[in-house]
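Undergrad: turn this into a structure:
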Amino acid sequence: MLAWLLGLPRSVKRLVSVCADMFFLIMSLFAAYFLTQYNVHSNVPQIALAFSITLPVTLFIFTKLGLYRAVIRYIGQHALGAVLAGIVSSAFVLALLFGVFNVHDKGNLIFVYAILALISSGGVRLLARMFLVQRNNGHKERVLIYGAGSSGRQLAHALMNGEQYHPVIFVDDDTTLQRSTILGIPVGAPAQITALLKNYNISRILLALPSASRARRREVLDALEELPIPVQSIPGMSDLVDGSMRIDELQDVKIEDLLGRDPVAPKVKLMQANIQHKVVMVTGAGGSIGSELCRQIINYEPAVLVLFELSEFGLYNIEQELANTISQRELGIKLIPVMGTVQRKNRLETVMQAFKVQTVYHAAAYKHVPLVEYNVVEGVRNNVFGTWYAAEAAINTGVETFVLISTDKAVRPTNVMGASKRLAELVLQALAQKQNSTRFCMVRFGNVLGSSGSVVPLFREQIRRGGPITVTHKDIIRYFMTIPEAAQLVIQAGAMGQGGDVFVLDMGEPVKIADLAKRMIHLMGLEVKDDIHPNGDIEVHYSGLRPGEKLYEELLIGENVRETAHPRIMAADEICLSWDKMQALLQQLDVYCENFAVEQIIELFRQSPTGFNYSCASSDLVVKAGCDSTVDSPLLVVHAEPAPVKKYIA
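TA: Residues are numbered from 1 along each chain as shown. Down below sits the predicted model:
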């Protein structure tokens, strides 16, 4: 019967509501009459006539106030206000008509009628709403909301009107809220969470702490980590304020919250120094770091932003995103999407000259350690020669500032990618000594969260597939930083450089990757499967270090480090080459790349001041394929006789 009634067309449901209100109003008048009148036959014709006029007027008022447009399941204050206004109006009309028809001393009748009509029309709607909500909540997942503040209340209200989650309890640190009730939901204390999970049969915890610091969120997550249910959070305050996400769009716990480090607010003068009203160019603009640099740059009013990118898809995506942002915010920025590779110097020089570029952020690089190990020559061509060509083009076209995005893997590198980035740093240091028209600087930092190839999205996907999570080594550690913070610090460091500076970003405390993987498993409501917990959900599999991979990363080559104007940016004084020696090294490296002499390339890295510690045999896939082929294979005859390797020292 109920299912049939709920399945009726909307127009029929409205007719049922009208008929129900007619019944309630008539019965309220009858009950009020018999409760207040001693002489049951007193003025009956006049009262009936007055009420017959009042009834359609009341229903008309209900209609105009939108009462019959309200859905019972979601009825709120507006609908109840409409009932109250309609009943008061009805009583007022009835009193006027009693005066017209000379019905006297009936004030108590009108008052009792109004009370009974309000209770019946409004009360039945509330009861119906409660019944339907409870019926609807039966199939919804029961959740605990951590945070009973404004965001928590908004979340609870949104979930109550949704179809997936049923909030049954709040938890809050504020002792003044504990033991109270908000939106009909009790509020408990954090210390009671374990008991509350069992008592309320809760299957999920939702964090409603969008404005809390990361340090505070980490404290909360540390306390919730061992609980056997998933933990999710609402979007951050910035996403809620700009309207990009709704409060009920739940997310998995962000890795930034696990790290617990709050970013330092950027210094506006440093952010503007190389950007405001200038022509800025970003190479590798479609990559993880390059695209975030572009997003940060448009906040500081460049005159022109040149997006230089090899990937057509990457360039299209970032150009569309930035164009939409510029249009929505009505920014007067000219956007120039340019396809090209940093391995073509004439292309770089033509672009910089055509648009009169003043600042270059060089983010174009191959950075995935195993892939560069498998493709040594292309990695060297892109990372070393691409940086050299971009720097020479900048000098030749009068670029004021050139900032290289480097990596912690350039410090005492054990892989080709790190060695190539260290060599790129040496190129800029040598060019900085050679001339003074273009100011060169390098910014070195560790892993960024969410970048292409990052372990975090990989772990999350492996957990969703049921595991196992693959970690290379149980003791491996890494530094992490969010992409927006890294991009802001890069821009600020670039503004402080004097020429040839190596800046190192403060990455905070290093993170043990195995511990990070286990925490992600726990916070998704699962258990690690190991010898102690053979019935766990997700196994952590240690696959062994990949070619050229280190157990830990470093940020400084030596001890010569000094503070700067920014608390999270340090400057390092490190060994470098003169331009003559650097040029000779590059010429020799070019010959080896041209002849695909991978072993000679690696030996040249060893002899240069890169601190290269390459302990494994070459992993280059083409070299391996050549070694596995017959002697007549073309892969084995492309090598010209290489010149002896010289030792390049400062």
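
Undergrad: after the longest helix anywhere in the chain comes which helix or strand?
TA: Longest helix of the chain, by residue count under DSSP state H: helix 107-137. Under the assignment DSSP states H and E, the closest C-terminal helix or strand after helix 107-137 is strand 141-146.

Undergrad: partners of that next one in the sheet?
TA: Strand pairing for strand 141-146, determined by DSSP bridges: strand 165-171 (parallel), strand 204-207 (parallel).

Undergrad: may I see those strands arranged in JSON lines, with mean neighbour count, mean pLDDT and distance to residue 403 as well?
TA: For every residue, glycine as well, the C-beta is placed using N, CA and C. Putting the strands paired with strand 141-146 into JSON lines (neighbours: other Cβ atoms under 10 Å; pLDDT from 0 to 100; distance: least, Cβ to Cβ, whole Å) gives the following:
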{"stretch": "strand 165-171", "mean neighbour count": "23", "mean pLDDT": "89", "distance to residue 403": "46"}
{"stretch": "strand 204-207", "mean neighbour count": "22", "mean pLDDT": "88", "distance to residue 403": "37"}
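
Undergrad: off-centre distance for the longest helix of the chain?
TA: Centroid separation between helix 107-137 and its chain, computed with Cα atoms, centre = their mean, to the nearest Å, is 45 Å.

Undergrad: buried ones in that helix?
TA: Neighbour-count burial for helix 107-137, counted by 16 or more other Cβ atoms under 10 Å, picks out 109-110, 112-114, 116-118, 120-122, 125, 129, 132-133.

Undergrad: closest one of these to residue 25?
TA: residue 117 (5.5 Å; Cβ to Cβ).

Undergrad: contacts only, for the closest one.
TA: With contact taken as Cβ atoms under 8 Å, 6 or more residues apart in numbering, residue 117 is in contact with 24, 25, 28, 29, 87, 90.

Undergrad: which ones are touching the fifth one?
TA: Taking Cβ under 8 Å, 6+ apart as the contact definition, residue 87 lies against 58, 114, 117, 118, 121, 122.

Undergrad: what is the nearest of the buried residues of helix 107-137 to residue 599?
TA: Closest approach between the buried residues of helix 107-137 and residue 599, by Cβ to Cβ: residue 133, at 72.8 Å.

Undergrad: the residue sitting nearest the centre point of the chain and residue 210, how far apart?
TA: With distances taken as Cα atoms, centre = their mean, the chain has residue 254 as the residue nearest its mean C-alpha position (7.3 Å). Look at residue 254 and residue 210: by Cβ to Cβ, to the nearest Å, they are 12 Å apart.

Undergrad: the closest residue to residue 21 other than its chain neighbours and residue 470, how far apart?
TA: Nearest-residue entry for residue 21: residue 121, 5.6 Å, with adjacent residues in sequence omitted and distances by Cβ to Cβ, 6 or more residues apart in numbering. To residue 470, residue 121 is 64 Å away according to Cβ to Cβ.

Undergrad: next one: residue 340
TA: Here the distance between residue 340 and residue 470 works out to 36 Å (Cβ to Cβ).

Undergrad: cool, and residue 48?
TA: As for residue 48, its distance to residue 470 is 83 Å (criterion: Cβ to Cβ).

Undergrad: same question for residue 29.
TA: Separation of residue 29 from residue 470 (Cβ to Cβ) stands at 76 Å.

Undergrad: ok, the two, which is more surrounded?
TA: In this view residue 29 and residue 470 are compared by other Cβ atoms under 10 Å, and residue 29 has more residues nearby, 24 against 15.
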